[in-house]
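K.L.:
Give the three-dimensional model of this entry:
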Amino acid sequence: MTGKVLDLLNVINPDQKATRLTERYIEWETLRQVKKNDWEEIRRYIYATDTTQTTNNQLPWKNKTTVPKLCQIRDNLLANYGATLFPSQYSKWLEWQPAAEESADAEKALAITNYMNWVITQPQFKHELDKIIMDYVDFGNGFGTVEWVDQDQNNPIKHK
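P.N.:
Next up, the predicted model:
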């Protein structure tokens, strides 16, 4: 599916847009179902305390108890990644480097650096970063993006 784009401009009748979007969503969700089942199996293995909760329940062994070692390894990875990504709130590891020569203003660099130092100390940033790290540890991928939210009551941004 990589490289394919859903082009809504080819839909002649605007009333059919919602129908086409729904059809695409159902198709893509159906194609994701196998992967979602794999993710659910990973979760069952991580938190398993006995083998009846996993696909190993079909094995002929009498002993069904298991030590949640995968959960311990996962928790250690989460703690270690979280601690090493941002070593300390007070360390000056963040540095802004301008993309163009005309942007190399010391006052601008200081303002950007101070702002970003403030952003990474916010609890919601740490919470979102922890979710990305958890996705990386559990499933091998972690993605993040930013969204601009203008909360100015006098001049709200109109989105198209």
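
K.L.:
Kindly report the domain assignment for this protein.
P.N.:
The chain breaks down by automatic domain parsing into domains covering 14-66, 69-141.

K.L.:
My guess is Asn141 contacts Ile132. True?
P.N.:
No - counting by CB atoms under 8 Å, Asn141 sits too far from Ile132 to count as a contact (9.4 Å). Quick note: C-beta positions are derived from backbone N, CA and C, even for glycine.

K.L.:
so where's the chain shaky on pLDDT?
P.N.:
Scanning the chain for pLDDT under 70 picks out 1-3, 5-14, 87-91, 155-160.

K.L.:
just so I have it, where are all the helices in it?
P.N.:
17-46, 69-85, 106-120, 123-139 (DSSP state H).

K.L.:
and the longest one, which residues are buried?
P.N.:
Put plainly, it is helix 17-46. For helix 17-46, burial by neighbour count (16 or more other CB atoms under 10 Å) applies to 45-46.

K.L.:
what does the last one give?
P.N.:
For helix 123-139, the neighbour count (16+ other CB under 10 Å) marks 129, 133-134, 137-138 as buried.
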